[in-house]
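[1] I'll drop the sequence and a predicted model, then ask my questions.
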Amino acid sequence: MINEILNLVKEHEQWRGKECLNLIPSENVMSPAARALLSSELTHRYTSRDHYYMGTHFTDEIEQTGEKLAKQVFKAETADLRPLAGHIADLIVIANFSKPGDQFMCISPDDGGYPGMWKEGLAGLFKLKAEPFPFSKHDWNIRIEEAKEKMRRVKPQIVFFGASLILFPHPVRELAKIARENGAFIGFDGSHVMGLIAGGEFQDPLREGAYALFGSTHKSFFGPQGGIILADKEHGELLKEKVYPAFVDNAHWNRIAALTLALAEMKEFGKAYAKQIVRNSKMLAKALHDYCLPVICEHLDFTQSHQSIMYYEDLAKGRAVGEKLQRANIITDRVVRLGTCEVTRRGMKETEMLRIAELIKRTLIDDENPERIKKDVRKLSAEFQEIEYCFKQ
């Protein structure tokens, strides 16, 4: 049994880590130094806000360092690294700034919003009345004037920006004033674009009217899987008081150590990293569009984020496309979103995006034997095994 488990992990690491091109926008890779911290001695340990456990002074100092770095990177007044996932960060915010029956406005999953926040997710759990933002699939963004009118009519108590399929900055500044007139809490789920926000290459929700920025730390941000909350002082301090013991007990301090190192890397290398991600996304999208693949938003230069979208209204068609690409060792999802965060972290630039686009074209348009394409995918992947935008040891 032990050999079977170890071999499965070894085979996975060989295939996904060394033989595939990973274009899933909700995944990334850590630096070797950050990844090593996940298996450090901290893996075995607890600590807690009430100092129930002794022997935690190094752990506490690591967390304090991480919070300090997070506040610097995101220019936030408060930071909390304890949420175990972006979904848990969403849960903490919703639980503390809403009550049953409140009107909750966000982007619907039908328009690329996060399903975990919608009626079958957290909105339903907390008995909120979920209302979708008016949305333009042509521009892949919120319809500002229609949203203003709807907000005046619905008077939501809680408003979240951010989405799973996010190509362009959301109109936080334009809509925050109206939300505040209704006394609404304004949040931004930055799970997908956290690394771009940190690198100053997308938008700055905390300066645009959001009270809190929260979400995942492992998508465009290159930390371990987990969550983070950044906020102004008023709302952030309230949230920090409520995290323990209601939502997080053991915050996994090995993860917090790895996240702290990733924050230091982002502070040092984040601007260059984020700029390259956006350049890569635009180049990949344009090249695929030139091959007549259904990449959306040509009129807006395709994207300003880490992802572009080959849009298939028929989900079964999207899944078939994803499965066909997987047979050639090109890993996507079933939407089909194409993310450049991981390939960028591995050092790929615009030239490599053209190579990737050609591999996708050979798979989907030329219908070439996937075994032949696999060989070229493995060759390209092998050229970029070093992790960039990190401290070299």
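    Here it is on my side, so go on. Residues are numbered from 1 along each chain as shown.

[2] which elements pack onto the helix or strand where residue 309 lies?
    Assigned by DSSP states H and E, residue 309 falls within strand 307-309. Helices and strands touching strand 307-309, by 3 or more Cβ pairs under 8 Å, 6 or more residues apart in numbering; DSSP states H and E, are helix 253-290, strand 337-339. Where C-beta positions appear, they are placed from N, C-alpha and C, glycine not excepted.

[3] report the buried residues of the next helix or strand after that strand.
    Per DSSP H and E, the first helix or strand lying C-terminal to strand 307-309 is helix 315-326. By neighbour count on 16 or more other Cβ atoms under 10 Å, the buried set for helix 315-326 is 318, 321-322, 324-325.

[4] tell me the phi and psi of residue 141?
    Backbone torsions of residue 141, given as degrees, to the nearest 10, read phi -160, psi 170.

[5] list the beta-bridge partners for it.
    Beta bridges link residue 141 to residue 136, judged by DSSP bridges.

[6] list the contacts for residue 268?
    Contacts for residue 268 (Cβ atoms under 8 Å, 6 or more residues apart in numbering) come out as residue 391.

[7] what's the pLDDT at it?
    The predicted structure scores residue 268 at 98 on the pLDDT scale.

[8] how about residue 208?
    98.

[9] let me know the distance separating it from residue 284.
    28 Å (Cβ to Cβ, to the nearest Å).

[10] quick check: mean pLDDT of the strand holding residue 309?
    98.

[11] partner strands of it and their direction?
    Strand pairing for strand 307-309, determined by DSSP bridges: strand 337-339 (antiparallel).

[12] run through who's touching the strand it pairs with.
    For strand 337-339, the surrounding residues in contact (Cβ under 8 Å, 6+ apart) are 23-27, 165, 219-220, 281, 284-285, 288, 306-310, 332.

[13] how does it look with 6 Å?
    23-25, 306-309 (Cβ atoms under 6 Å, 6 or more residues apart in numbering).

[14] could you do stretch 30-41 as well?
    With Cβ under 6 Å, 6+ apart as the test, stretch 30-41 has contacts from 254, 257-258, 261-262, 387, 390, 393.

[15] need the strands for the stretch 1-150 of the chain, in chain order.
    21-22, 78-80, 103-106, 129-132, 135-136, 141-142 (DSSP state E, counting those that start in this stretch).

[16] tell me the mean pLDDT over the third one?
    Spelled out, that is strand 103-106. Rounded mean pLDDT across strand 103-106 is 98.

[17] could I get the CA-only coordinates of that strand as CSV?
    This file holds the C-alpha atoms of strand 103-106, laid out as CSV (Å, rounded to 0.1, in the frame of the first residue of the first chain):
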residue,chain,number,x,y,z
GLN,A,103,-30.1,41.7,-0.2
PHE,A,104,-26.7,40.4,-1.6
MET,A,105,-25.5,41.6,-5.0
CYS,A,106,-22.6,40.0,-6.9
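
[18] neighbouring strands of it in the sheet, and parallel or not?
    strand 129-132 (parallel), strand 158-161 (parallel).

[19] in the first one, which residues are buried?
    If I follow you right, that is strand 129-132. By 16+ other Cβ under 10 Å, the buried positions in strand 129-132 come out as 130-132.

[20] point out where this structure drops to low pLDDT.
    Of all residues in the chain, none has pLDDT under 70.

[21] any idea which helix or strand carries the spatially most central residue of it?
    Centroid-nearest residue in the chain: residue 192, 2.3 Å away (criterion: Cα atoms, centre = their mean). In this assignment (DSSP H and E), residue 192 forms part of neither any helix nor any strand.

[22] quick one: contacts for it?
    Contacts of residue 192 by Cβ under 6 Å, 6+ apart are 166, 219.

[23] measure it to residue 104 for me?
    Separation of residue 192 from residue 104 (Cβ to Cβ) stands at 20 Å.

[24] tell me how this protein divides into domains.
    Following automatic domain parsing, one finds the domains of the chain at 33-263, 270-382.

[25] and of the ones you listed, who's closest to residue 4?
    Ranking the domains of the chain by proximity to residue 4 (Cβ to Cβ) places domain 33-263 first, at 21.0 Å.

[26] tell me how far the closest one lies from the chain's centre.
    Distance of domain 33-263 from its chain centroid, counting by Cα atoms, centre = their mean, to the nearest Å, is 11 Å.

[27] hmm, back to that, between the domains of the chain, which one is closest to residue 17.
    domain 270-382 (8.6 Å).

[28] next up, the contacts around residue 78.
    So residue 78 contacts 231, 236-237 (Cβ under 6 Å, 6+ apart).

[29] now swap in residue 351 and tell me
    By Cβ under 6 Å, 6+ apart, residue 351 lies in contact with nothing.

[30] can you get me a residue count around the residue nearest to residue 199 when sequence neighbours are not counted?
    Setting aside the residues directly before and after it, residue 199 is nearest to residue 274 in space (Cβ to Cβ, 6 or more residues apart in numbering), at 2.5 Å. Per other Cβ atoms under 10 Å, the neighbour tally for residue 274 reads 27.

[31] oh, and call the first residue 580 from now on, that's how I've got it
    New numbering, starting at 580: the last item is residue 853.

[32] and residue 792, what element?
    strand 791-795.

[33] tell me the angle of the following helix or strand past that strand relative to helix 832-869?
    Next in sequence after strand 791-795, counting helices and strands by DSSP H and E, comes strand 806-810. Relative orientation of strand 806-810 and helix 832-869, computed by axes from the mean of the first three to the mean of the last three Cα atoms, to 10 degrees: 90 degrees.
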